[in-house]
Structure formats: structure tokens, C-alpha cells
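*Asks:* quick one, what's the 3D model for this:
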Amino acid sequence: MKRFAMAASLVISACSVVSAQTTDQLVKGATDTSNVLNYGMGYNLQRFSTLNQINKDTVKNLVPVWNYSFNDDRSEESQPLVYQGVIYVTSHNATMAVDAKTGKQIWKSKIEYPAETPRIVCCGIINRGAALYDGKLFRTTLDANVIALDAKDGKELWRQKAADIKEGYSMTVAPLVADGVVITGISGAEFGTRGFIDGWDPATGKHLWRTHSIPSPDEPGGDTWKGDTWKLGGGSTWITGSYDPELNTVYWGIGNPGPFNAAVRPGDNLYTCSVLA
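*Replies:* Model prediction:
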């Protein structure tokens, strides 16, 4: 029986030219069996493939054909993306493009951040992945920057600062591109922060909007925080949200309130531990 080396080699062929990823391609990501364009393998985040070449009968035939070292001793939680025979993957300090058939590195772009950054990263010196759109790769950095790289060569195209690490913020989230907007979340609920979700222009990096996960007193839900506790209410947004193209609505999970001691923040503490649409 023919051996199956890896899923990528069954469905992809290498291509020397990276064309621009379109909104339509991202919308159809869950049924695209030639590429992996979305974090979660589709806007629905089901992480499911309709491919059936590898199943309970054939899985025993899988064998390694190449390996690629990240040259990194930290934990790895990045989900690779695959487009036209190229695997794109991130670590906390690098972004890499690798030929899916051979394992040969096409390019590697290093990420630099201040040495003190790991002191305020709650839950692992990691990065969870990237987003592809219009020939660009988008990712976040531990020191709370959002950057765009040219998918062809890894050259940095723009960089925007989302928050200040001195205030307890960090970023490990994989961006979401929805309706032509790059959307990112933030970490830091353990360090007296106020969580938020940002929208960015993919071409220029212009900051388009910010929605806080903790409402101010004059916003709906603001009365669920007493005094000034909303200013440090937490509500991190470090898990990538899902997107419904028909409703043009993003759904984003909101994390825990801060501080952990609930006695100092009486009330329902909206919108922590919830889904925000």
C-alpha cells in the first residue's frame, strides 16, 4: 500500500509565486482542501477537514519525510497556515515560511522585543499563529505590537503598537481577518488591565476601532462594576474569535475578570467570562 507521508503532501503542490489571498477564499476556508487559510481551519473554528485519505485504516502508514527545527526551546502553540505549497508558522520570536514538500526554509523573519517583556506574559512565552490576506501575513508580538509581513519574502511592511507592556499588556493571539479588517485581541487580565479588541487596516496598519471588553460607567453593562474597578477589570481577549460572513458578525470569547479576588469587585462584572458579538 502506498505510504502517506503527511497531509500536506497529499493535497498541495509547491508554488514559487504567492498570489494574494482574497476575502472569498477566506470565507470558503472551511471547505478548501488545498490550503489552510484560517486559524481554526475555517471561520467557524471547527478545526475539521473533509479530506478522507487519512483515516483509521490508513493512519498506520504515516511516516516522517522531513523535519524542520524552530531553533527555540519555548513551548509551541502556533497553528500553521498553508497556501500554495508553503507552510507559514510562528514562534514567540520568529515567523517562518517552509516548503511543504521538502521542509526547506523559504524565509525566516526574527521578532525582537525588550528583555523585560517575559515578566508580564502570564501563560507562556508563545505565539498562537498568523493570518493571511492580500499577500500579507499578520501576527502579534509579545510586546503588544501588530505587524504585517510580505508573504513572499518575510519583509516587514508595517508595525503598530497596540498597548504598553509597562501597563501589563502582552499579545499572543492569532489575528483574524474579517471583511477586510485585521482583528486582534490582548492579554493581561492578571496584571490590572482593561481588555479590548482592535481593528486594523490590512494595507496600512491604520487603527480603525477599539471595543473594550470592560464597559465604562456610561456604556451598557457599566453599572456591573462598582467605583473605578472597571479600569482594571481584566477581560482578556487572547483566543481568536470566529466570524459569520452572512451576518458580518465576529464572535469573541472574553476571559476572566481581574483581580482574581472577587470581593474587591462586587457585581456581575460584564463582559468577562462571556462571548462578545
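
*Asks:* three-state assignment of the residue nearest the centre of the chain?
*Replies:* Computing the C-alpha centroid of the chain and ranking residues by C-alpha atoms, centre = their mean puts Ala174 first, at 0.6 Å. Here Ala174 is coil, with the state taken from DSSP: H, G, I helix; E, B strand; the rest coil.

*Asks:* I'd like the distance between it and Asp99.
*Replies:* According to C-beta to C-beta, to the nearest Å, Ala174 stands 22 Å off from Asp99. Any C-beta I mention is one placed from the backbone N, CA and C, and that applies to glycine too.

*Asks:* likewise for Trp107?
*Replies:* For Trp107, the distance to Asp99 equals 11 Å [C-beta to C-beta].

*Asks:* and Val65, how many neighbours?
*Replies:* Neighbour count for Val65, taken as other C-beta atoms under 10 Å: 12.

*Asks:* ok, now Thr50?
*Replies:* Applying other C-beta under 10 Å, I find that Thr50 has 8 neighbouring residues.

*Asks:* how is the closest residue to it other than its chain neighbours assigned, secondary-structure-wise?
*Replies:* Nearest residue to Thr50, sequence neighbours excluded (C-beta to C-beta, 6 or more residues apart in numbering): Thr33, at 6.1 Å. Here Thr33 is coil, with the state taken from three-state DSSP.

*Asks:* can you give me the strands for the stretch 1-150 of the chain?
*Replies:* 81-83, 86-91, 94-99, 105-110, 131-133, 136-140, 145-150 (DSSP state E, counting those that start in this stretch).

*Asks:* nearest to Pro217, out of those strands?
*Replies:* strand 145-150 (28.8 Å; C-beta to C-beta).

*Asks:* could you give me the average pLDDT of the closest one?
*Replies:* For strand 145-150, mean pLDDT rounds to 98.

*Asks:* for the helix or strand just after it, name the packing helices and strands.
*Replies:* Later in the chain than strand 145-150, the nearest helix or strand by DSSP states H and E is strand 156-161. Under the contact criterion of 3 or more C-beta pairs under 8 Å, 6 or more residues apart in numbering; DSSP states H and E, strand 156-161 touches strand 145-150.

*Asks:* what angle do the strand it packs on and strand 86-91 make?
*Replies:* With axes from the mean of the first three to the mean of the last three C-alpha atoms, to 10 degrees defining the directions, strand 145-150 sits at 160 degrees from strand 86-91.

*Asks:* residues contacting the closest residue to the residue nearest to the centre of the chain other than its chain neighbours?
*Replies:* Nearest residue to Ala174, sequence neighbours excluded (C-beta to C-beta, 6+ apart): Gly129, at 3.5 Å. Each residue near Gly129 by C-beta atoms under 8 Å, 6 or more residues apart in numbering is listed here: Tyr39, Ser78, Gln79, Pro80, Leu81, Val89, Thr90, Arg139, Ala174, Thr240.

*Asks:* just the pLDDT for the residue nearest to the fourth one when sequence neighbours are not counted.
*Replies:* In this structure, Pro80 finds its nearest non-sequential neighbour in Val89, 4.3 Å apart by C-beta to C-beta, 6+ apart. Looking at Val89, its pLDDT stands at 98.

*Asks:* can you show me the strands along the stretch 151-277 of the chain?
*Replies:* With DSSP E, counting those that start in this stretch as the criterion, the stretch 151-277 of the chain has strands spanning 156-161, 176-178, 181-184, 196-200, 207-212, 242-244, 249-254, 274-276.

*Asks:* turn those strands into a markdown table, columns for mean pLDDT, mean neighbour count and distance to Asp268.
*Replies:* A markdown table is the format used below for the strands of the stretch 151-277 of the chain (pLDDT from 0 to 100; neighbours: other C-beta atoms under 10 Å; distance: least, C-beta to C-beta, whole Å):
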| stretch | mean pLDDT | mean neighbour count | distance to Asp268 |
| --- | --- | --- | --- |
| strand 156-161 | 98 | 15 | 32 |
| strand 176-178 | 98 | 24 | 27 |
| strand 181-184 | 98 | 23 | 26 |
| strand 196-200 | 98 | 21 | 19 |
| strand 207-212 | 98 | 14 | 16 |
| strand 242-244 | 98 | 19 | 24 |
| strand 249-254 | 98 | 18 | 13 |
| strand 274-276 | 97 | 15 | 10 |
